[in-house]
Each structure stands twice: as structure tokens, then as C-alpha cells.
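>>> got a sequence here, can you build the structure:
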Amino acid sequence: MKKKTESFQFSLFLIIIIFLFSGFGVLFGQNDLGVNGSTIPPHPDPPPPNSPTWQTTIDNGDGTFTFQQQVDEASTPPNYDPGSSPGGFEIYSWWNEDYGWMHEFPNWNDPLLNILSATLTIQAWDVDSEPFHGFDGEYDGVYVDGIFLSPGYLQGTNNNWSTTVFDFPVSTILDDGDINVWLDIDMHHTQNYWATTLDYSLLEITYSLTGGNQPPFGPELEILPSANCAGDDDDLVVNVVGPTPADPDGDNVTYQYRWFVDVGTGGFIDDEFAGRGDHTGNTVPAADTQIDDIWQ
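Residues are numbered from 1 along each chain as shown. Now for the predicted structure:
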């Protein structure tokens, strides 16, 4: 039997189907010295404005907007205080050099606000989180307002820049508009073992200001197989079976699926990063699973 424990805590994002979401990626250039005197590889500058903390709002042309805000080594308090920790952006940082920064969303208390999606994109260097390291690999945890995010850890490979996209609860935005981020470096070690450095943190919030429009109801799910353990030839399936209607305003609703897997390391990572395929639908084929996988 394959132990595919079905803690199917799916990151199901309820999206009004008429809304279009725009992706945006930026990179920031710097050549600081690494811990061993080596130079961190250069990377392109972002489009202006790029200092100290830049932000912009994009009109998507369909009644929605996307707010973007970047924090990096050029940012200043209250967004980032480089003197608060020996670690920080563009500095190789060890297990005892954790640090944090803050994003802000200016429209957080607008009575007409409807948040459709919220992501945090972090670019990091030399994150040794390859699955073959097992529990002894590099686990750099990311928290927002004290809440452990999904997928939870930075994902990357040795001596490469990598990007991890995190989803985080809307409640951390609506309480006061401040999104406090904390990076817990190399969580499984208490000596200098793994180190990393960050290039930037990019907040993206897509929203509308339609006031009366209400978010969809939470989905009712059917999970197959129904037991807590799947057989060798079982696909992992989740079906949305309700409610009807799916939205209190009668709007059409579509669902986005994101799969994570614990391959025996003790932490969940993106299925594609784990080498299990990039699944964007409601099914993971049995051929893409292995014994002792735990999926969500």
C-alpha cells in the first residue's frame, strides 16, 4: 500500500471567472560578498521605481486592480530595517540570523474592497531544499503575521536563484493593512549548516472595489479514494460537489488547484519542485505518486 495520507487541505482559490489575473516578476541587482568571500551572481535591475520600496497599482481593465509592492535591501523602515539583524537581504544569513520585513496595503479598510487573491513572491539564492537531502536539507520557513504560509518553505537548488510563490490568508491584510513577514532560516539546525540570501519580496494583491459583490461560498469536496491510505494504482482526486449556487450573487465560479507533497522530508513542497509533475487540475495520477508520499 502506498501511504498517501490524504490531508487534502487544498489551496482552493475561489475566483469569479470573469476576472483576469496578471503576473509580474521583478529582479533586483546587487553584488555583495557571500559568506566565503564569493560574489553573489548579478541579476537584472527591476523596472523603476526601484528604491527604496516601490509600489504600483495596475488597472486590469475588467473592474479589478493588482497592487504590487517590493521590499528589498534598499528599503527603509518601517518596511525593512537592515540594522535589526546581522542577516538580511543580499547577505548570506545563517540559522541564528533570522529577520523580517513589512509590506503595506493602502486600501485595506476601503468599505468597497473585495480581495480576490493575495500572494507573496520571494527570490532567494542557494536554497538547498532538494528532496534528496531529506530531513537534513535546508528548511527556511516563511511566516506572515505569525502564520506559517503555504507551501511554507523557500524552494530552490544549490548555487541558483529561485523563486517561491506563497499564498497567505486575507485576514492578515484586513486587520490593519500591515503584512509582517518573518524568515526563519535553516529551521532544523542549531549550528552553521545552511545559509541563504534574499533578493526581494514582492506582494501582489488582486482586488475589486465593487462593494456589494460577495465572495463565493466555500466549496464542498469529495475526496477519492475516501480512505486515509491510497493503493498503488489509485489516482488522487478531489471533486467540487457543491454548494449550489456556488456564489451568493449568482456569479460564475471557477476553482484553481495547487498540489503539495511531503516526499519524506517532513515538509510540504510544490509537486513540480519535488519531481512529481505540475498538476493544475483536480487529479494526481497514480503514476506520479510514490510509496510514503503525503499529499495535500
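
>>> pretty sure Thr197 contacts Ala124?
Yes: in this structure, Thr197 is within contact of Ala124 by Cβ atoms under 8 Å, at 6.9 Å. Bear in mind the C-beta positions are built from the backbone N, C-alpha and C, glycine included.

>>> excluding its backbone neighbours, what's nearest Trp95?
Asp186 (4.0 Å; Cβ to Cβ, 6 or more residues apart in numbering).

>>> what's the burial count for the one you found?
24 (other Cβ atoms under 10 Å).

>>> quick one: it and Thr289, what's the gap?
Using Cβ to Cβ, to the nearest Å, we find Asp186 at a distance of 29 Å from Thr289.

>>> one more: Leu120?
Note on Leu120: its distance to Thr289, by Cβ to Cβ, is 28 Å.

>>> quick one: the helices in the protein?
Taking DSSP state H, the helices of the chain run over residues 171-174.

>>> any stretches of the chain with poor pLDDT?
Applying pLDDT under 70 to the chain flags the ranges 1-52, 212-213, 227-228, 265-266.

>>> 80 instead?
1-53, 131, 134-135, 150-152, 211-215, 226-231, 263-275 (pLDDT under 80).

>>> in it, which residue is closest to the centre?
Centroid-nearest residue in the chain, with Cα atoms, centre = their mean: Phe166, separated by 0.7 Å.

>>> ok, that one - contacts?
119-122, 142, 144, 149-151 (Cβ atoms under 8 Å, 6 or more residues apart in numbering).

>>> bridging residues for it?
Leu120 (DSSP bridges).

>>> Leu183 reaches Asp98, doesn't it?
Yes: under the criterion of Cβ under 8 Å, Leu183 makes contact with Asp98 at 5.9 Å.

>>> neighbour count winner among the two?
Comparing Leu183 with Asp98 by neighbour count (other Cβ under 10 Å), the higher total belongs to Leu183, at 24 against 18.

>>> quick one: contacts for the more buried one?
Neighbouring residues of Leu183 by Cβ under 8 Å, 6+ apart: 98-100, 140-142, 154, 198.

>>> how about 7 Å then?
98-100, 140, 142 (Cβ atoms under 7 Å, 6 or more residues apart in numbering).

>>> of those, which pair is most distant in space?
The distance between the two most remote of these (Cβ to Cβ) is 13.0 Å, for Gly100 and Asp140.

>>> compare neighbour counts for the two and give me the winner.
Asp140 (27 against 16).

>>> ok, so what distance separates Thr164 from Leu120?
According to Cβ to Cβ, Thr164 and Leu120 sit 9 Å apart.

>>> neighbour count for the two, which is higher?
Neighbours were counted for Thr164 and for Leu120 using other Cβ under 10 Å; Thr164 has more, 23 against 20.

>>> correct me, but that one touches Ser150?
No: the criterion here is Cβ atoms under 7 Å, and Thr164 misses it with Ser150 at 10.7 Å.

>>> residues shared between the contacts of these two?
By Cβ under 7 Å, 6+ apart, Thr164 and Ser150 have no common neighbours.

>>> how about the strands in the stretch 1-150 of the chain?
In the stretch 1-150 of the chain, the strands defined using DSSP state E, counting those that start in this stretch lie at 5-6, 13-16, 54-59, 64-72, 99-104, 114-125, 141-144, 147-153.
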